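Peer 1: The following comprises the amino acid sequence and a computationally predicted model.
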Amino acid sequence: MDLNFNKNEDHNKLLLSELKQKFAKVKLGGGEKRIEKLHAEGKMTARERIAYLLDENSKSIEIGGFAGEGMYPEHGGCPSGGVVVKIGYIKGKQCIVVANDATVKAGAWFPITGKKNLRAQEIAMENRLPIIYLVDSAGVYLPMQDEIFPDKEHFGRIFRNNAQMSSMGITQIAVVMGSCVAGGAYLPIMSDEALIVDKTGSIFLAGSYLVKAAIGETIDNETLGGATTHCEISGVTDYKAKDDKDALDKIKNIVDKIGDFDKAGYSRIKAEKPALEPNDIYGILPKARTEQYDMMEIIKRLVDNSEFEAYKEGYGQSLITGYARIDGWAVGIIANQRKVVKTKKGEMQFGGVIYSDSADKATRFIANCNQKKIPLVFLQDVTGFMVGSKSEHGGIIKDGAKMVNAVSNSVVPKFTVIVGNSYGAGNYAMCGKAYDPRLIFAWPSAELAVMGGTQAAKVLAQIEASSLKAKGEKVDEEKETELFNKIKARYDEQTSPYYAASRLWTDAIIDPLETRNWISMGIEAANHAPIQKPFNLGVIQV
């Protein structure tokens, strides 16, 4: 191995170490003292509940682990968005589990909590996965009610989705393991089956204090909306459990009886490990986002037996397209080539840039994968589309539009891995969050922005300098440098993968070595949902 490989490896492993440290902190939720308080009440934490519910030693992936990271400091923060979401297996059946974290503001809903819950439901609806709700929430976080209550993508959308999933035949099971108040009371009762834990679970539209204030009635919460009330008097819930574990065992028994599902029919054979060492990824991926490398070397360490059948290999070389298998599943891969390549015409194509011929090739490849019912995997390390008079005269906008059209109208499941850069329209063409990937996740090396930090800071610094000069202020070289550094620091913070993950622009930040598992579990989930409509590009500029 050369010195550069070792430097890259050290850098990427430091990024991975930072990821692990940050996630270890996130997993504590509201902190150790609040966890101890929950245990003293005879309750398990959200993560403990999920761990007990999922099959022992089975695979799982966590959605939105960094949701809320660095957000709401004036409110004490909201680790993991106050809710834990995992895709895993219950009695061998793939399910998605949503658990309120009562250690974070008593499980109250912040704006990001609503967004994360909606993302979980979106995954369930797209893939027709059974969804399990472990409810323990104080309801809407009142100091921010205007940002979570009334809009289309706010709190009420949860119940609309409950109703739609029920009509779609998607299994929904809810267990009330703590508070379940006000509008939040509708979520478990709009599920197919609802359980409640005796003495710790309660459901009511208004608690005892509000009842007293509203109608003058004096009543305690347990009598008002506890397990006995709802299982024996109101009939609101279907099962009463003696404690958390008993409730989770009942869910396991219910899930165990669910019948088989219709398959989408994606091709899978026996899985093979990559022939080349996956750990080499750390040394291949450059320390600097501007450096070149051969994306094929990454691909060979992700796919089964390191085998890749290239499509139009010698044409449009700034994009790699071709067929492979990941954990046995057939996939079509579209990846940004990050090394400078020389075309047969003698032209140079720069790494990470999408050219007209590359966009044209990708459009046809996407159509082929839709024709053959092959899921698509996008490996993003893109700086955008090629600019300049030659590209404009050659119709780069038209060819880019064709690619975006194909990505938008694709009916096979799409999965997006942000390896490095994800800039501008390149993010769109390579299936960014706006283009409905079934899962989108980033490596610690990822950066998401309209453009790179240096370029953006130069533009913004020039604008600010001009503004200061117009006001009669002196702007010398030292002042320009100060402006540039200040703006770049702010911009770099916003390009961080953690900034993106906190806002759910991505589903997770993962160790590159977990990529195969994420894609495999994603395709397995997608296999629950047969394709309902044909692939149609609509009207495009030929």
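Peer 2: That came through fine. Numbers count the residues shown, from 1 in each chain.
Peer 1: C-alpha only now, for contacts and for neighbours.
Peer 2: OK.
Peer 1: Need phi/psi at the closest residue to I540 other than its chain neighbours.
Peer 2: Nearest-residue entry for I540: K402, 6.3 Å, with adjacent residues in sequence omitted and distances by CA to CA, 6 or more residues apart in numbering. Summarising the backbone geometry of K402 under the convention degrees, to the nearest 10, its torsions are phi -60, psi -40.
Peer 1: okay, K402: pLDDT?
Peer 2: For K402, the model assigns a pLDDT of 93.
Peer 1: Same question for P512.
Peer 2: In the predicted model, P512 carries a pLDDT score of 98.
Peer 1: which non-adjacent residue is nearest it?
Peer 2: In space, P512 comes closest to W443 once its chain neighbours are excluded; the distance is 5.9 Å by CA to CA, 6+ apart.
Peer 1: Ok, A457 next?
Peer 2: Here the residue nearest A457, using CA to CA, 6+ apart, is K488, at 5.0 Å.
Peer 1: okay, now the closest residue to V303 other than its chain neighbours: neighbour count?
Peer 2: Counting by CA to CA, 6+ apart, V303 lies nearest to I326, which is 5.0 Å off, once chain neighbours are set aside. I326 has 27 neighbours, counted by other CA atoms under 10 Å.
Peer 1: got it, and the one 5 residues further on?
Peer 2: Neighbours of V331 under the rule other CA under 10 Å: 26.
Peer 1: Let the chain start at 12 from now.
Peer 2: With 12 as the first residue, the last one maps to V342.
Peer 1: wait, it sits on I385?
Peer 2: Yes - contact status for V342 versus I385: in contact at 5.6 Å, counting by CA atoms under 8 Å.
Peer 1: List the contacts of the lowest-mean-pLDDT helix or strand in the chain.
Peer 2: Lowest by mean pLDDT, DSSP states H and E among the helices and strands of the chain is helix 400-404, with a mean of 73. Contact with helix 400-404 is made by 366-367, as judged by CA atoms under 8 Å, 6 or more residues apart in numbering.
Peer 1: Determine the longest helix present in the chain.
Peer 2: Longest helix in the chain by number of residues, with DSSP state H as the criterion: helix 14-37.
Peer 1: coming back round to it: so how far is G406 from the residue nearest to I551?
Peer 2: Distance from K413 to G406, counting by CA to CA, to the nearest Å: 11 Å.
Peer 1: of these two, who's got more company?
Peer 2: Regarding K413 and G406, a neighbour count based on other CA under 10 Å identifies K413 as having more, with 23 against 14.
Peer 1: Please tell me I have it right and that one contacts A373.
Peer 2: No - contact status for K413 versus A373: not in contact, 9.2 Å apart, counting by CA under 8 Å.
Peer 1: what are the bridge partners for the closest residue to L145 other than its chain neighbours, then?
Peer 2: Ranked by CA to CA, 6+ apart and with sequence neighbours excluded, the top spatial neighbour of L145 is A110, at 4.5 Å. According to DSSP bridges, V95, L145 are recorded as the beta-bridge partners of A110.
Peer 1: Next, count neighbours for G533.
Peer 2: 22.
Peer 1: And it, how far from E43?
Peer 2: As for G533, its distance to E43 is 33 Å (criterion: CA to CA).
Peer 1: Can you give me the first-to-last residue distance of stretch 264-278?
Peer 2: Rule used - CA to CA; the end-to-end distance of stretch 264-278 is 31 Å.
Peer 1: again with stretch 348-355
Peer 2: End-to-end distance of stretch 348-355: 16 Å, with CA to CA as the criterion.
Peer 1: gap between it and the chain center?
Peer 2: Using CA atoms, centre = their mean, to the nearest Å, we find the averaged C-alpha position of stretch 348-355 to lie 31 Å away from the chain's own average C-alpha position.
Peer 1: what do you get for stretch 319-326?
Peer 2: Here the centre of mass of C-alpha atoms in stretch 319-326, compared against the chain's by CA atoms, centre = their mean, lies 30 Å away.
Peer 1: I'd like the average pLDDT over that stretch.
Peer 2: Along stretch 319-326, the predicted local confidence has a mean pLDDT of 96.
Peer 1: for stretch 334-344, same thing?
Peer 2: 98.
Peer 1: Over to stretch 118-135?
Peer 2: Taken as a whole, stretch 118-135 carries a mean pLDDT of 96.
Peer 1: Show which residues not belonging to it make contact with it.
Peer 2: Among residues not part of stretch 118-135, those counted as contacts by CA under 8 Å, 6+ apart are 74-75, 78-79, 89, 92-94, 96, 107, 109, 111-113, 140-142, 147-152, 155, 158-159, 164-166, 168-169, 172, 181, 449, 514-515.
Peer 1: What is the burial count for the residue nearest to A468?
Peer 2: By other CA under 10 Å, the residues close to K499 number 21.
Peer 1: cool, and L27?
Peer 2: When counting by other CA under 10 Å, one arrives at 20 neighbours for L27.
Peer 1: Hmm, it is touching I520, no?
Peer 2: No - taking CA under 8 Å as the contact criterion, L27 and I520 are not neighbours in contact, 9.7 Å apart.
Peer 1: Spit out the residues that contact these two alike.
Peer 2: P455.
Peer 1: Show the average pLDDT along stretch 156-163.
Peer 2: Along stretch 156-163, the predicted local confidence has a mean pLDDT of 88.
Peer 1: send the alpha carbons of that stretch over as PDB?
Peer 2: Taking only C-alpha atoms (Å, rounded to 0.1, in the frame of the first residue of the first chain), the coordinates of stretch 156-163 have been written out as PDB:
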ATOM      1  CA  GLN A 156     -47.000  23.800  18.400                       C
ATOM      2  CA  ASP A 157     -47.200  26.200  15.500                       C
ATOM      3  CA  GLU A 158     -44.400  24.200  13.700                       C
ATOM      4  CA  ILE A 159     -45.900  20.800  14.300                       C
ATOM      5  CA  PHE A 160     -49.700  21.100  14.400                       C
ATOM      6  CA  PRO A 161     -51.700  22.400  11.400                       C
ATOM      7  CA  ASP A 162     -49.800  22.000   8.100                       C
ATOM      8  CA  LYS A 163     -50.000  19.200   5.500                       C
END
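Peer 1: What residues of that stretch count as buried?
Peer 2: Judged by neighbour count (16 or more other CA atoms under 10 Å), stretch 156-163 contains these buried residues: 158-160.
Peer 1: So which of those residues sit within helices?
Peer 2: Those of those lying in helices (DSSP H): none at all.
Peer 1: ok, of the residues you listed, which one's closest to E318?
Peer 2: Of all these, E318 sits closest to I159, with 47.5 Å by CA to CA.
Peer 1: Was I right to think that closest one contacts R168?
Peer 2: No - when contacts are counted by CA under 8 Å, I159 is not listed as touching R168 (10.3 Å).
Peer 1: ok, of the contacts of stretch 118-135, which come out buried?
Peer 2: The neighbour-count criterion (16+ other CA under 10 Å) marks 74-75, 78-79, 89, 92-94, 96, 107, 109, 111-113, 140-142, 147-152, 158-159, 165-166, 168-169, 172, 181, 449, 514-515 among these as buried.
Peer 1: What about these, which are in strands?
Peer 2: Among those, DSSP state E puts 74, 94, 96, 107, 109, 111, 142, 147-148 in strands.
Peer 1: Go ahead and confirm I142 touches V108.
Peer 2: Yes - taking contacts as CA under 8 Å, I142 lies within contact range of V108: 5.8 Å.
Peer 1: thinking again about what came up before, which one in the ones in strands among the buried ones among the contacts of stretch 118-135 is the model shakiest on?
Peer 2: Least confident of these in the model: S148, at 91.
Peer 1: what are the ranges of the helices in the stretch 112-261 of the chain?
Peer 2: Remark: helices of the stretch 112-261 of the chain, listed N- to C-terminal, are 122-138, 167-179, 197-200, 219-226, 232-236, 238-239, 255-267; assignment by DSSP state H, counting those that start in this stretch.
Peer 1: Return the second one as PDB; C-alpha atoms alone will do.
Peer 2: Output of helix 167-179 as PDB, limited to C-alpha atoms (Å, rounded to 0.1, in the frame of the first residue of the first chain):
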ATOM      1  CA  GLY A 167     -52.300  15.400  11.600                       C
ATOM      2  CA  ARG A 168     -50.800  13.700   8.600                       C
ATOM      3  CA  ILE A 169     -49.900  10.800  10.800                       C
ATOM      4  CA  PHE A 170     -53.500   9.800  11.300                       C
ATOM      5  CA  ARG A 171     -54.300  10.400   7.600                       C
ATOM      6  CA  ASN A 172     -51.500   7.900   6.900                       C
ATOM      7  CA  ASN A 173     -52.900   5.500   9.500                       C
ATOM      8  CA  ALA A 174     -56.200   5.500   7.600                       C
ATOM      9  CA  GLN A 175     -54.600   5.100   4.200                       C
ATOM     10  CA  MET A 176     -52.300   2.200   5.300                       C
ATOM     11  CA  SER A 177     -55.300   0.400   6.700                       C
ATOM     12  CA  SER A 178     -57.100   0.700   3.300                       C
ATOM     13  CA  MET A 179     -54.000  -0.600   1.600                       C
END
